[in-house]
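# Next one to model:
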Amino acid sequence: MGTSIFSWVETYSSETERWRAIFNCFPPDSFEKQIGKQGPFSAPFRNSDYGLFGFLAGVRNYACCVPLARPRGLPDDCDKVGGCFANDIDDLVGLESCSWLLLSELLSFDYETVFWNRRVRKGIDHAALADEGEGIHQTYRELLGPSYFETLDVLQSLGEFHRVRVVFGFDN
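Down below sits the predicted model:
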């Protein structure tokens with residue numbers, strides 16, 4: 001059984017003093033194009049990528065990377081109409097696997113940092129922790145791949161970095 005991610009983006013409006021969900025601003029990534037998905041999509045993170053999950057919140061962190069932040073729960077002031085309930089996650093409110101990150105946090109990380117990726121493919125499920133001498137040393141940029149940085153580019157176009165946030169959670 002795998003883990004999937006649900007996510008959406010919110011921007012903060014000074015006029016209304018509220019966060020509001022943003023829709024249909026993400027183009028298909030290279031994999032989605034390859035299988036014929038057209039987009040645009042509302043979810044910034046749509047695919048099951050355990051490297052990304054580990055980086056964002058320490059979920060399914062088989063790579064043993066340092067998570068950007070531990071899960072914070074859903075923000076109390078999230079867009080309940082456009083974000084939370086539009087994503088069919090009202091039953092997940094309060095779970096530890098829900099979280100959010102400001103765009104400023106995503107942009108301030110040093111993606112050139114090298115870590116020992118301990119996820120190796122062996123055994124029945126082709127996923128195991130590396131023994132000493134196995135695994136690879138790689139940058140977070142390599143772990144996350146080009147589509148992650150394409151997503152960051154779109155997020156940067158949505159507003160001031162401290163007024164754009166990604167809300168997300170994981171479903172096992």
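
# partner strands of the strand ranked longest in the chain, parallel or antiparallel?
Longest strand of the chain, by residue count under DSSP state E: strand 4-13. Here strand 4-13 is paired, per DSSP bridges, with strand 18-22 (antiparallel), strand 164-171 (antiparallel).

# Out of the ones you listed, which gets nearest to Phe41?
Phe41 lies closest to strand 18-22 among the strands paired with strand 4-13, at 11.3 Å (C-beta to C-beta). Using the backbone N, CA and C atoms, a C-beta is placed for each residue, glycine as well.

# How many residues are close by Val167?
A count of neighbours around Val167, defined by other C-beta atoms under 10 Å, yields 25.

# Revised request: answer the last question for Gly36.
Counted with other C-beta under 10 Å, the neighbours of Gly36 add up to 7.

# what helix or strand does it sit in?
Remark: Gly36 resides in no helix or strand, with elements defined by DSSP states H and E.

# Kindly present the strands paired with strand 4-13 as JSON lines, with separate columns for distance to Arg141 and mean pLDDT.
Shown next, in JSON lines, are those (distance: least, C-beta to C-beta, whole Å; pLDDT from 0 to 100):
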{"stretch": "strand 18-22", "distance to Arg141": "25", "mean pLDDT": "93"}
{"stretch": "strand 164-171", "distance to Arg141": "18", "mean pLDDT": "91"}
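
# So which of the ones you listed is the most surrounded?
Sort the strands paired with strand 4-13 by mean neighbour count, taking mean count of other C-beta atoms under 10 Å, and strand 164-171 sits at the top with a mean of 22.
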